[in-house]
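1. what's the 3D shape of this:
(2 chains)
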Amino acid sequence: MAFELSKESVQSDFIKKIEELSGEEISACYHCGKCSAGCPSAMAMDLLPNQIIRAIQLGDIETLKTSNTPWICASCVTCYVRCPRGIDLCSIMEAVRQMTLRTNKDHIDIKKYTGELASLPPIAVVSALRKMSS
Amino acid sequence: MKRMGLFICHCGTNIADTVDVEKLAKKFESYPGIVFSTNYKYMCSHPGQALIADAIKEHDLDGVIVAACSPILHETTFRKLARQSGINPYQCEIANIREQCSWVHKDKEKATAKAEKIIKSIIEKTRLNEDLKPIEVDVTRKALVIGGGVAGIQAALDIADAGYPVLLVEKEPSIGGHMAQLSETFPTLDCSQCILTPKMVEAATHPNIELLAYSEVKSVDGYVGNFTVTIEEKATGIDWDICTGCGQCSEICPISVPSEFEKGLGNRPAIYTPFPQAVPNKPIIDSENCLEMKTGACGLCVRECEAEAINFNMEPTYREEEVGAIVVATGYELYPIMNLGEYGGGEIEDVIDGLAFERLLSSSGPTNGKIRRPSDGKLVKDIVFIQCAGSRDPEKHKPYCSRICCMYSTKQAMLYKHSVHDGQPYIFYIDIRSGGKGYEEFVERAQREDKVIYIRGKVSKLYRENGKVKIAGVDTIANKPIELEADLVVLAMAMIPTTGTEKLANVLKLQTDANGFLQETHPKLRPLESTTAGFYLAGCSQSPKDIPDTVSQASGAAAKVVGLFSGEYLQLEPTIATVDEELCSGCGICISVCPYSAREMDIGKGIAKVNEALCVGCGACVVACPSGATDQKNLTDEQISSMAKAILKGEKES
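-> Next up is the predicted model:
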């Protein structure tokens, strides 16, 4: 299916929100691919890291929702230290994750857990499980 | 007996990897006539040249053979060295063992054997060389510049500023060229008119420049330093000498036809100046559309003209001029939009080319700088720019990159965004080529500040849908087909030489390349010179280029002309044809075969002479002469025969 590009998609509030959450300038990326070339987790990702930025630039929210890439990103910062335009892609990945997390959709009920898990700080467990299960 | 020295160059590894230079140098030590033979890594370098100079003195040489690259590269270098070392420069010859040997062969043994034969043949040629002196001819210190775009204007101004008279010939009614049509220019966003119009005025008022607008060069005779040109001053229908340029004739004219200057997006009358800042600011009559000239039933302008300058019966006039050098700056035009049917070129009104969009952007354009689409005048909210429209497409269109489109589309997208703040520009591209001072930064600015969306991928088709233009393309970075709707689509059409370039090249006897651009002698060694002596190239007639490069090239061409004019006389190569008057029967075959009009009949003597200034030593007449009366200096029949013998010696007869 072709993506329907429009002024509404490329000027959408979604992009502004990602920029606000990450503190990064999405339009700065010119797709040299250095982030994707050096990403140690790229082999497990369904989209390359720069393609995540591309989807944001185009306002292609559906692609972002379904991609496993932001969840596989380990925030190792290899991309950021190498980016010729100084973009902190890790922060953008986190912003994309946050956009999903902030929909408050949980696949598990923390109260059902007992034993060792129950003794950990609930926020740590929730964060870890959200990341694993979203 | 001649005392010759042989100097074999390694050219780094270019020659030495394929030809055993050490072995050859050793072998030639005992060759008849060779009194010194050596090899060196770079013979053209300072130590290499010093080696030759020392050897000439030490061994009292009167002949030098340098076995190296093509004579096109360094024959001049080594002949100059020979002259400085006290021997006649025409006793120095080049044996080309690089282009004609090491570069085209792999087998070292066979290549070495071939190099040996090449060197032998050149030794045999040198053995019979005579001392020659360059031919000296006078120079007419006046230049002709053909084309009044920014290239021609710059070249004319630079030559004129150096103190030499210039004839500036422009075929359109005004100088300025395409640059006059542009809105603002990358990467500084200066207004094009602000840079150009002062230059146009300066060219028109410079005491050393005579401006001939609405004129064309019809013929050129002669040779470098001494050309005779015929120029047609086309009939303007108006006596420019008495016209005051008040413009009342244009106002009263009832005719309205699409304006060429406005790329058809605006209209003009039949009596018109192409644009308000035109230089000269005098109108012409378009005879095809003038009512009076078609039917004799108008004449409104005649009544309006207080100066009584209008003359419908004006005829073109012709004048002859003597010039010493000619700068050809005939510019470019855009590949016709009609050729891109899949993009709706010529069919969809809201698909236009880059120059037409410049007129929409221009504050003095048909929409006063408001970006309105041609179909219904609606303000444009979504705009798509498509790169490489006809360029980089060797299968169907032009194989080359037009070089300026990436930058001007970026500029246009930027200017659009500055004009329509809530609009959105998109650029479909294959590669962004932003090589140039401040260019990459300019593209970055478009991406980051003006939020221009760059989409890497070609568009497959454009079509009308819901009153908009629908675009089907691909984003090869997102790896997805893309669809979008736009109000206006701008095609960055390929740049091609102007329609008249081919015809003019025939008139001037200039070589063109596979794409019709004028051919330079060598891209690096002589990029400003045409393959015919005395003609210099500037601007897009040679290849697509932007304004900074065009102006630089024009100034460079002007410097070449000034260099030619600054000598006391001109030196021409003496390796030309000669005639043995005793043998010549006056049959005239040589005259018919000479491509340079250098052979002429001496009626008194009944023989065919050689015009030394015109002859370039091509050898056509030497071959054609049935009496064996014509020979070429330092490439005589005897020399050719001994060269052939040297090469064939030892070969089996077949």
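2. so who does B:Glu172 touch?
-> Shown in contact with B:Glu172 (CB atoms under 8 Å, 6 or more residues apart in numbering or on different chains): B:148, B:213-214, B:274. (C-beta placed from N, C-alpha, C; glycine too.)
3. Can you give me the distance of it to B:Asp546?
-> Per CB to CB, to the nearest Å, B:Glu172 is found 21 Å from B:Asp546.
4. if you skip the residues just before and after it, what's nearest to residue 6?
-> In the absence of a named chain, chain A is used. B:Leu484 (6.1 Å; CB to CB, 6 or more residues apart in numbering or on different chains).
5. that's the wrong chain, I wanted chain B
-> With CB to CB, 6+ apart as the criterion, B:Leu6 has its nearest non-adjacent residue at 4.3 Å, and that residue is B:Ser37.
6. Could you list the paired strands of the host helix or strand of that neighbour along with their orientation?
-> Element membership for B:Ser37 (DSSP states H and E) is strand B:34-40. Take DSSP bridges as the rule and strand B:34-40 pairs in its sheet with strand B:4-9 (parallel).
7. Doesn't the residue nearest to A:Ser6 lie inside a strand?
-> Yes: counting by DSSP: H, G, I helix; E, B strand; the rest coil, B:Leu484 is found in a strand.
8. partner residues bridging it?
-> Here B:Leu484, judged by DSSP bridges, has bridge partners B:Ile471.
9. so where's the chain shaky on pLDDT?
-> The chain I'm using is chain A. A:105-108, A:129-134 (pLDDT under 70).
10. I was after chain B.
-> B:652-654.
11. burial measure for the residue nearest to B:Leu6, as a count.
-> 22 (other CB atoms under 10 Å in any protein chain shown).
12. from what I can see it touches B:Val21, true?
-> No: when contacts are counted by CB atoms under 8 Å, B:Ser37 is not listed as touching B:Val21 (10.7 Å).
13. Now do the shared contacts for those two.
-> Counting by CB under 8 Å, 6+ apart, the residues touching both B:Ser37 and B:Val21 are B:Ile8.
14. Flag every residue of chain A that's near chain B.
-> A:1-7, A:10-11, A:25, A:27-28, A:30-31, A:50-51, A:54-55, A:57-58, A:60, A:63, A:85 (CB under 8 Å from any CB of the partner chain).
15. What distance do you get for the residue lying farthest from the centre of chain A to chain B?
-> In terms of distance from the mean C-alpha position of chain A, A:Gly115 ranks first, at 31.7 Å (CA atoms, centre = their mean). Here A:Gly115 is placed at a distance of 45 Å from chain B (CB to the nearest CB, to the nearest Å).
16. got the phi/psi numbers for that residue?
-> phi 70, psi -140 (degrees, to the nearest 10).
17. State the distance from it to A:Pro121.
-> 15 Å.
18. Also B:Ala151?
-> With CB to CB as the criterion, B:Ala151 and A:Pro121 are 74 Å apart.
19. Which residue ranges of the stretch 351-500 of chain B form strands?
-> B:351-353, B:382-389, B:424-429, B:453-456, B:461-465, B:468-475, B:480-486, B:488-493, B:495-497 (DSSP state E, counting those that start in this stretch).
20. Please tabulate those in CSV, including the columns mean neighbour count.
-> Below are these laid out as CSV (neighbours: other CB atoms under 10 Å in any protein chain shown):
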stretch, mean neighbour count
strand B:351-353, 23
strand B:382-389, 26
strand B:424-429, 25
strand B:453-456, 24
strand B:461-465, 15
strand B:468-475, 21
strand B:480-486, 20
strand B:488-493, 28
strand B:495-497, 25
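21. so who does residue 27 touch?
-> No chain in the question, so chain A it is. The contact partners of A:Ser27, taken as CB under 8 Å, 6+ apart, are A:57, B:447-448, B:451.
22. was after chain B, sorry
-> Residues in contact with B:Lys27 (CB under 8 Å, 6+ apart) are B:Glu116.
23. let's see 10 Å
-> Contacts for B:Lys27 (CB atoms under 10 Å, 6 or more residues apart in numbering or on different chains) come out as B:20, B:34, B:37, B:112, B:116, B:119.
24. Just the residues of chain A next to chain B: which are in strands?
-> Using DSSP state E, the members of the residues of chain A next to chain B that fall within strands are A:3-4.
25. Helices - which of the residues of chain A next to chain B land there?
-> A:7, A:10, A:50-51, A:54-55, A:57-58, A:63 (DSSP state H).
26. Show me where the stretch 501-650 of chain B has its helices.
-> Taking DSSP state H, counting those that start in this stretch to define them, one finds helices in the stretch 501-650 of chain B at B:501-508, B:547-566, B:589-593, B:620-624, B:637-648.
27. should've said the stretch 1-150 of chain B
-> Under DSSP H, counting those that start in this stretch, the stretch 1-150 of chain B gives helices at B:21-28, B:46-58, B:71-84, B:108-127, B:150-161.
28. Give me whichever of these is most buried.
-> helix B:150-161 (a mean of 27; mean count of other CB atoms under 10 Å in any protein chain shown).
29. now that helix and helix B:547-566, what's the angle there?
-> In terms of direction (axes from the mean of the first three to the mean of the last three CA atoms, to 10 degrees), helix B:150-161 departs from helix B:547-566 by 30 degrees.
30. Okay, B:Gly423 and B:Ile482: tell me how far apart.
-> Taken as CB to CB, the span from B:Gly423 to B:Ile482 is 18 Å.
31. scratch that, B:Tyr454
-> 12 Å.
32. Need the overlap of contacts for the two.
-> Between them, B:Tyr454 and B:Ile482 share the contacting residues B:426, B:428, B:475, judged by CB under 10 Å, 6+ apart.
33. Give me the subset of the residues you listed that also touch chain A.
-> B:426, B:475 (CB under 10 Å from any CB of the partner chain).
34. how far does stretch B:263-282 stretch from start to finish?
-> In terms of CA to CA, to the nearest Å, the two terminal residues of stretch B:263-282 are separated by 21 Å.
35. do the same with stretch B:316-329
-> With CA to CA as the measure, what separates the two termini of stretch B:316-329 is 23 Å.
36. what's the closest of the contacts of B:Glu172 to chain A?
-> B:Pro274 (36.5 Å; CB to the nearest CB).
37. Find the residue closest to that closest one in space, skipping its chain neighbours.
-> B:Phe261 (4.4 Å).
38. Near that neighbour, how many other residues are there?
-> B:Phe261: 23 surrounding residues under other CB under 10 Å.
39. The residue in the stretch 551-654 of chain B that chain A sits nearest to and B:Gln519, how far apart?
-> Nearest residue of the stretch 551-654 of chain B to chain A: B:Ser552, at 28.3 Å (CB to the nearest CB). Using CB to CB, B:Ser552 is found at 19 Å from B:Gln519.
40. residue contacts, B:Ser375?
-> Residues near B:Ser375 by CB under 10 Å, 6+ apart: B:348-351, B:464, B:467-469, B:487-488.
41. From these, pick the one nearest B:Asp602.
-> B:Val351 (64.2 Å; CB to CB).
42. which ones are touching that closest one?
-> B:337, B:340, B:343-345, B:374-375, B:384, B:386, B:389, B:462, B:464, B:469, B:486, B:488-491.
43. Kindly recompute the last result at 8 Å.
-> Going by CB under 8 Å, 6+ apart, B:Val351 touches B:337, B:343-345, B:462, B:469, B:488-489, B:491.
44. so what's the residue nearest the centre of chain B closest to, chain neighbours aside?
-> Nearest to the centroid of the C-alpha atoms of chain B, with distances taken as CA atoms, centre = their mean, sits B:Gln542, at 2.7 Å. Take B:Gln542 and drop its neighbours on the chain: the residue closest to it by CB to CB, 6+ apart is B:Leu518, 5.1 Å away.
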